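J.: Here is a sequence with its predicted model. Questions after.
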Amino acid sequence: MDLLQVALIFLILLLSIFLAITGVQVFLILRDLKKALDKLNRVLNSGEKIAEDIERPITAASNLVTSLGNSAKAATDAATKAISGAVKKSPPKKRFYKRSL
């Protein structure tokens, strides 16, 4: 065998080893990235659950205040009608003259 052939075989083996090591490193990096993304997904899901748990009582309180406001408005409307019905308005006075501009 020639010296050039031996050198080329050595370089090919060396590059193959480096490529295999690089492939393993990329695999390990992608595995760690998947673990980190799974953790982030769990954190976001728990945050969403917390937000939903906070939203429920606030929605209930909002509905309660709205219904109280509606019933208070209905009560004031009924009271206004009762008072206006009790106080009779006098009919408007008729004019004895024509209005001129």
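T.: The structure has been received and is ready for your questions.
J.: Low-confidence ranges, the protein, go.
T.: Under the criterion pLDDT under 70, the flagged ranges of the chain are 79, 82-92, 95-101.
J.: What is the burial count for residue 21?
T.: Summarising burial for residue 21: neighbours were counted as other CB atoms under 10 Å, giving 10. Placement of C-beta: from N, CA and C, glycine included.
J.: again, but for residue 17
T.: Neighbours around residue 17, by other CB under 10 Å: 10.
J.: Assign it to helix, strand or coil.
T.: helix (DSSP: H, G, I helix; E, B strand; the rest coil).
J.: got the contact list for it?
T.: Residues touching residue 17, when contacts are defined by CB atoms under 8 Å, 6 or more residues apart in numbering, are absent altogether.
J.: Report the separation between it and residue 24.
T.: For residue 17, the distance to residue 24 under the criterion CB to CB, to the nearest Å works out to 11 Å.
J.: Please tell me how far residue 43 sits from residue 30.
T.: The span separating residue 43 from residue 30 equals 20 Å under the rule CB to CB.
J.: so where do the helices sit in this protein?
T.: Read by DSSP state H, the chain holds these helices, from start to end of the chain: 3-86.
J.: Against residue 15, how distant is residue 22?
T.: Residue 22 is 10 Å from residue 15, where distance means CB to CB.
J.: What's the local residue count around residue 23?
T.: For residue 23, the neighbour count with other CB under 10 Å is 10.
J.: go on, residue 61?
T.: Under the neighbour criterion other CB under 10 Å, residue 61 is assigned a count of 10.
J.: dump the residue contacts of residue 71.
T.: When contacts are counted by CB under 8 Å, 6+ apart, residue 71 touches no other residue.
J.: anything in contact with each of residue 22 and residue 15?
T.: Shared contacts of residue 22 and residue 15, counting by CB under 8 Å, 6+ apart, come down to nothing at all.
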